[in-house]
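1. test case, fold it:
(chains A and B)
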Amino acid sequence: MLTIENLHAVVDGKLILNGIDLDVKAGEIHAIMGPNGSGKSTLSSVIAGNKVYEMTKGNILLNGENINELDAETRAHKGIFISFQYPVEIPGVSVTNFIKTAINASRKAQGLEDMPASEMLKKIRQKAALLDIDTKFLSRSLNEGFSGGEKKRNEIFQMAMLEPKLSILDETDSGLDIDALKIVANGVNRLRNKNNAVILITHYQRLLNYIIPDFVHVINEGKIVKSGTKDLAKELEAKGYDWIKKELN
Amino acid sequence: MELKEKLLDSHLAFEEQSEVNETIQGFRTRALRVFEKKGFPTRKIEAWKYTSLASVVNKNYALFPRTDSGIELKHVKRYFLYDIDTYKIVFIDGIYSPFLSETTHDGLDVCLLSAALSKQKYKPIIDKYFNKAAVKDESLTALNTAFAKEGAYIYIPKNKVSENPIEIVHFSTGEQKALWLQPRNLIVVEENAQVQIIERHQSLSSHDVVTNTVTEIHAHKDSLLDYYKIQNDLDSASLIDNTYIVQEKNSHVSVHTFSFGGKLVRNNLNYFHKDQNIMSTLKGLTILKGKQHVDHNTLVNHSKPNCDSHQDYKGIYSEQSKGVFNGKIFVDKIAQKTNAFQQSNNILIDDKATINSKPQLEIFADDVKCSHGCTIGQLDEDTLFYLRSRGIPRKEAKALLTYAFANNILQSVQINVLKKRINGQIAEKLGVNLGFDL
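-> Here you go, the predicted model:
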């Protein structure tokens, strides 16, 4: 589904990604772990099309199509979704109106009519229930005054509504208490199927107890330095990132 | 002849044809002297640094229009809140229109200032309130006082809650070439009374019209006044709005100013506190394009302890439009425990649009909470990226964010049909069709 080849990216003249190679197939869950500042979040931003980061080398292919030059909205229309580490607040636009606008924008790009209101409502109710979201929450302004947990749950709610092919969850576990973490993880597990894929970006192993990855990659100084199965995450948790750094030297 | 001389020369003829008592005549004469001495404000005066009246005062205006306009309700219906019951005081070229108005004396007075100024029945109220809140040495206010004759008179007696909002609407037809209008409104809200008022100035032709209006408001103990100014006029119309509000104990006066049009608009909004536990709310939303110019000049005079004021102004400026926000908060040395908040947030859509925002805090008490903030910017790229990552194209994302930014001011509008109407106007001004109401 997603193939990344020799990806290099800079921001403000500083090299952040230094040759990333990654291959994610449909139905798979990949976890990307690494110390602070290793380039994890940059990788998710670059895949989603944030032009603050300049791609200087390499290719990003989505189902064989090179998407290097596509803007963020077009990538979204093609099925890429990013759950933000710090979702922005938009006072004055409710969660419901925001998601309606987003869904209909994607439909428009695909030459479809707006989703009928009754169908939209049904889908909203169904996905809200999946994530244990109170419908009152949906009429609140997007992320305004939301707790850390509510913001993350709202991100996964949007993922559920948009039904992306590739979801990148950037530090979705940060700021979540254990109950919220279980709800979010349960939601993600129930949304996965053989046709979509998930990349989990995380600093800690904790989330991986609830969403079991097929592959774990360790990123350091803008490069994937080690790949393995879920056991690699446990080893990292026990030995710390210094272990990887020492091993590299 | 220059406009100033023309105004001065015409005063005698004006006095001869208006029947009022000596007190009122005295006010007018003294006010005329102030205007004669000071003239029109120029940019040399600090409070007028960013707004020049030069393009407004250089024309030959008809001062006392006599129109026999054939305006029918169907032509102007859209300027009223026609879907709910309201009291209406309507003027066409400064002259009362009984046909379009719906006045009342049933439990409250909604009528003409000219009637109140000349009838014995209203004398105690006029003596007590007329020309009391207005600042005497401000030249444009003095000019209005010198010619004060017609406008709205609203009196809400003790404990009365007006179920209907009151609409004050000034139409100008411009059948005479260019018009200079000077309406004068007097509003008294007695103890524990409540009322909602909507004021609108609307030009119906492309002839120049300048309105120099003064509104005096007295809000007594425990009263509640909600005032909405709708400024969505043609590019040939200019407005100088001078509003003076005197508040008594536990009263709450809220003024929302929606500035969506006009050639030049100047809002002088002044609050004076006479007792404790007062709440003053000032909210403004300005959406301009072309060469439109709007200047908000606010003053909250905290002269008593334990009072709150809350100012929240937002502006969206496109093309070559200009905005000014000059917010002055004065806190007297005895006004301890004052809580004064002021915020001015602005978005410049185009490179040639301008906003001059200036907070001016003069605080002489030591136990107060005063905060102010001002932002001027383009839309935040991180926020835009968030929307785009959800599939919302850049153009729509920008429109949605601008709309959300603006609509925030609507939250506190208490009249639902008005809120809906303004919501529609915002979407229209921003050229967005989002398919939902906020």
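2. give me every residue in chain A lying close to chain B.
-> Proximity of chain A to chain B, by Cβ under 8 Å from any Cβ of the partner chain, involves residues A:48-50, A:52, A:71-73, A:75-77, A:81-82, A:84, A:87-88, A:90-94, A:97-98, A:100-106, A:109, A:114, A:158, A:162. Every residue, glycine included, has its C-beta placed from N, CA and C.
3. out of those, which are inside strands?
-> Applying DSSP state E to these, the entries found in strands are A:81, A:82, A:90, A:91, A:92, A:93, A:94.
4. ok, the nearest residue to the third one once chain neighbours are set aside - how many residues close by?
-> If the residues on either side of it in the chain are set aside, residue A:90 comes closest to residue A:142, at 4.2 Å by Cβ to Cβ, 6 or more residues apart in numbering or on different chains. Counted with other Cβ atoms under 10 Å in any protein chain shown, the neighbours of residue A:142 add up to 24.
5. ok, residue A:142 - contacts?
-> If you count contacts by Cβ atoms under 8 Å, 6 or more residues apart in numbering or on different chains, residue A:142 has them with A:89, A:90, A:93, A:94, A:95, A:98, A:154.
6. buried subset of the residues you listed, written for PyMOL?
-> What follows is the PyMOL syntax selecting those of the contacts of residue A:142 that are buried according to 16 or more other Cβ atoms under 10 Å in any protein chain shown:
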select buried, chain A and resi 90+93+94+95+98+154
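7. tabulate the contacts of residue A:142 in a markdown table, adding columns for distance to residue B:80.
-> Below are the contacts of residue A:142 laid out as a markdown table (distance: Cβ to Cβ, whole Å):
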| residue | distance to residue B:80 |
| --- | --- |
| A:89 | 37 |
| A:90 | 34 |
| A:93 | 30 |
| A:94 | 30 |
| A:95 | 36 |
| A:98 | 34 |
| A:154 | 41 |
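8. how far away is the residue nearest to residue A:90 from residue B:390?
-> Applying Cβ to Cβ, to the nearest Å, the value for residue A:142 to residue B:390 is 10 Å.
9. shared neighbours of those two, anything?
-> residue A:98.
10. tell me the pLDDT of the residue nearest to residue A:90.
-> pLDDT recorded at residue A:142 is 91.
11. now it: phi and psi?
-> Residue A:142 adopts backbone torsions of phi -50, psi 110, taken as degrees, to the nearest 10.
12. going through the residues of chain A next to chain B, which ones are buried?
-> For these, a neighbour count by 16+ other Cβ under 10 Å gives the buried set as A:48-50, A:72-73, A:75-77, A:81-82, A:84, A:87-88, A:90, A:92-94, A:97-98, A:100-106, A:158, A:162.
13. among those, which are in helices?
-> A:48, A:72-73, A:75-77, A:97-98, A:100-106, A:158, A:162 (DSSP state H).
14. now what about whichever strand or helix holds residue A:246, what contacts it?
-> Following DSSP states H and E, one finds residue A:246 within helix A:241-248. Residues from elsewhere that reach helix A:241-248 (Cβ under 8 Å, 6+ apart): A:34, A:35, A:218, A:220, A:225, A:226, A:235, A:236.
15. starting at the chain centroid, how far to that helix?
-> Taking Cα atoms, centre = their mean, to the nearest Å, one finds helix A:241-248 lying 26 Å from the centre of the chain it belongs to.
16. one more: stretch B:98-117?
-> The chain centroid and the centroid of stretch B:98-117 are separated by 21 Å, computed with Cα atoms, centre = their mean.
17. likewise for stretch A:55-73?
-> In terms of Cα atoms, centre = their mean, the gap separating the centre of stretch A:55-73 from the centre of its chain is 17 Å.
18. what's the end-to-end length of that stretch?
-> End-to-end distance for stretch A:55-73: 18 Å, by Cα to Cα, to the nearest Å.
19. in that stretch, which residues are buried?
-> Neighbour-count burial for stretch A:55-73 [16+ other Cβ under 10 Å]: A:55, A:58, A:60, A:62, A:67, A:70, A:72, A:73.
20. possible to save the residues you listed as a markdown table with pLDDT and distance to residue B:121?
-> Putting the buried residues of stretch A:55-73 into a markdown table (pLDDT from 0 to 100; distance: Cβ to Cβ, whole Å) gives the following:
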| residue | pLDDT | distance to residue B:121 |
| --- | --- | --- |
| A:55 | 94 | 80 |
| A:58 | 95 | 86 |
| A:60 | 96 | 82 |
| A:62 | 96 | 81 |
| A:67 | 95 | 79 |
| A:70 | 95 | 76 |
| A:72 | 96 | 69 |
| A:73 | 96 | 67 |
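21. hmm, which two among these are most spread apart?
-> A:58 and A:73 (22.1 Å; Cβ to Cβ).
22. picking up where we left off before, distance to residue B:424 and pLDDT added to the ones in strands among the residues of chain A next to chain B, as TSV?
-> Putting these into TSV (distance: Cβ to Cβ, whole Å; pLDDT from 0 to 100) gives the following:
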residue	distance to residue B:424	pLDDT
A:81	33	97
A:82	34	96
A:90	21	87
A:91	20	82
A:92	15	79
A:93	17	86
A:94	18	88
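23. which among those gets closest to chain B?
-> For those, the minimum distance to chain B (Cβ to the nearest Cβ) is 3.5 Å, reached by residue A:92.
24. hmm, that closest one is touching residue A:141, no?
-> Yes: applying Cβ atoms under 8 Å as the test, residue A:92 and residue A:141 come out as touching, 6.0 Å apart.
25. joint contacts of the two?
-> Common contacts of residue A:92 and residue A:141 (Cβ under 8 Å, 6+ apart): none found.
26. can you pull out the helices in chain A?
-> Per DSSP H, chain A carries helices over the ranges A:40-48, A:72-77, A:95-109, A:117-130, A:135-138, A:148-162, A:178-191, A:230-239, A:241-248.
27. out of those, the one nearest residue B:151 is which?
-> Ranking those by proximity to residue B:151 (Cβ to Cβ) places helix A:95-109 first, at 41.6 Å.
28. elements contacting whatever helix or strand residue B:285 lives in?
-> In this structure, residue B:285 sits in strand B:279-288 according to DSSP H and E. Packed against strand B:279-288 by the contact rule (3 or more Cβ pairs under 8 Å, 6 or more residues apart in numbering or on different chains; DSSP states H and E) you find strand B:252-259, strand B:264-273, strand B:293-302, strand B:308-317, strand B:322-331, helix B:416-429.
29. determine the longest helix present in chain B.
-> Chain B, longest helix under DSSP H: helix B:22-38.
30. how about that helix as PDB, C-alpha atoms only?
-> Taking Å, rounded to 0.1, in the frame of the first residue of the first chain, the C-alpha atoms of helix B:22-38 are listed here in PDB:
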ATOM      1  CA  GLU B  22     -35.200  77.600  26.600                       C
ATOM      2  CA  THR B  23     -33.200  74.800  28.300                       C
ATOM      3  CA  ILE B  24     -32.900  72.900  25.000                       C
ATOM      4  CA  GLN B  25     -32.100  76.100  23.200                       C
ATOM      5  CA  GLY B  26     -29.400  76.800  25.700                       C
ATOM      6  CA  PHE B  27     -27.900  73.400  25.100                       C
ATOM      7  CA  ARG B  28     -28.000  74.000  21.400                       C
ATOM      8  CA  THR B  29     -26.400  77.400  21.500                       C
ATOM      9  CA  ARG B  30     -23.600  76.300  23.800                       C
ATOM     10  CA  ALA B  31     -23.000  73.200  21.700                       C
ATOM     11  CA  LEU B  32     -22.800  75.300  18.500                       C
ATOM     12  CA  ARG B  33     -20.100  77.400  20.100                       C
ATOM     13  CA  VAL B  34     -18.100  74.300  20.900                       C
ATOM     14  CA  PHE B  35     -18.300  73.200  17.300                       C
ATOM     15  CA  GLU B  36     -17.500  76.700  16.100                       C
ATOM     16  CA  LYS B  37     -14.400  76.700  18.200                       C
ATOM     17  CA  LYS B  38     -13.200  73.200  17.500                       C
END
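31. what helices or strands is that helix leaning on?
-> On a contact count with 3+ Cβ pairs under 8 Å, 6+ apart, helix B:22-38 meets helix B:3-16, helix B:139-146.
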